[in-house]
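Trainee: quick one: sequence and predicted model below, then my questions.
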Amino acid sequence: MFIITQHQYDLIMRQAQENYPYETGGILCGSSDGVIKGVMPLYNQAGGDQRREFGMSAEDMLRGHEFAKKHGLIFFGVYHTHPNGIAYPSDKDISNNQRFLFVISLRDRYNPEFAAYSVLPGRSVIREDIQVINDNGITVLDINTGKSKFSENVSTSEMKKLHSLIDAIIEERAKYPKLSPKNKFEAKRSSFNTEA
Ligand SMILES: [Zn+2]
């Protein structure tokens, strides 16, 4: 089970929306009780079609580990978006030797799905619960294992709030890295690469 604050959740969703229809992602760190305490958004450095691939450099991976260490946190893993795909890791996602995978599906763009998975030996995955809490520790969204959509878990008024939030996000100027120009050199050295 993972817990993420509304603030960090919003940061990730804003990044996901602003880079749409391209994949984007970053690194998540946190404490041993599963609380996500650090979000590091990254440029997509995939060398191919960035609507279907997310890639990050070995330097990015190293920076993520150093970021976690510096703040006394555990490196949880990489998150990335599937602009048109489901919130389930592809075979290529799973092959990146990560302990956890975080996938954000924007297939239903205004009803995004944020899913976490534990990667087991043999490359099978188990879906983990994610709870979104506000800054006072109150649960805002409770995303249960197996539930595919936010709309199944939240009230209509909460959904409306989420929609207006996403609209505001799209209008707002970026405060973090947007889609980078393709960088073939970096892509070649990428230590994490995915397809859809
Ligand atoms: Zn993927």
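Mentor: Thanks, I have it.
Trainee: pretty sure Ala16 is in a helix, no?
Mentor: Yes. Assessed with DSSP: H, G, I helix; E, B strand; the rest coil, Ala16 lies in a helix.
Trainee: ok, stretch 97-104 near the ion or not?
Mentor: No. Stretch 97-104 stays clear of the ion (Cβ under 5 Å from the ion), getting no nearer than 5.9 Å. (Glycine included, C-beta is placed from N, CA and C.)
Trainee: which positions within that stretch qualify as buried?
Mentor: 98, 100-104 (16 or more other Cβ atoms under 10 Å).
Trainee: kindly report the same for stretch 25-42.
Mentor: If you call a residue buried by 16+ other Cβ under 10 Å, then stretch 25-42 has these buried ones: 25-30, 34-42.
Trainee: which residues of the chain fall in helices?
Mentor: Applying DSSP state H to the chain gives helices spanning 6-19, 58-70, 91-94, 156-171, 184-188.
Trainee: what about Glu66, how many residues nearby?
Mentor: When neighbours are counted by other Cβ atoms under 10 Å, Glu66 registers 11.
Trainee: kindly provide the distance from it to the ion.
Mentor: To the ion, Glu66 is 24 Å away according to Cβ to the ion, to the nearest Å.
Trainee: residues contacting the closest residue to Ser95 other than its chain neighbours?
Mentor: Closest residue to Ser95 apart from its sequence neighbours, by Cβ to Cβ, 6 or more residues apart in numbering: Arg123 at 7.1 Å. Counting by Cβ atoms under 8 Å, 6 or more residues apart in numbering, Arg123 touches 91, 94-95.
Trainee: out of the buried residues of stretch 25-42, who's nearest Val132?
Mentor: Nearest to Val132 among the buried residues of stretch 25-42 is Ile36, at 9.9 Å by Cβ to Cβ.
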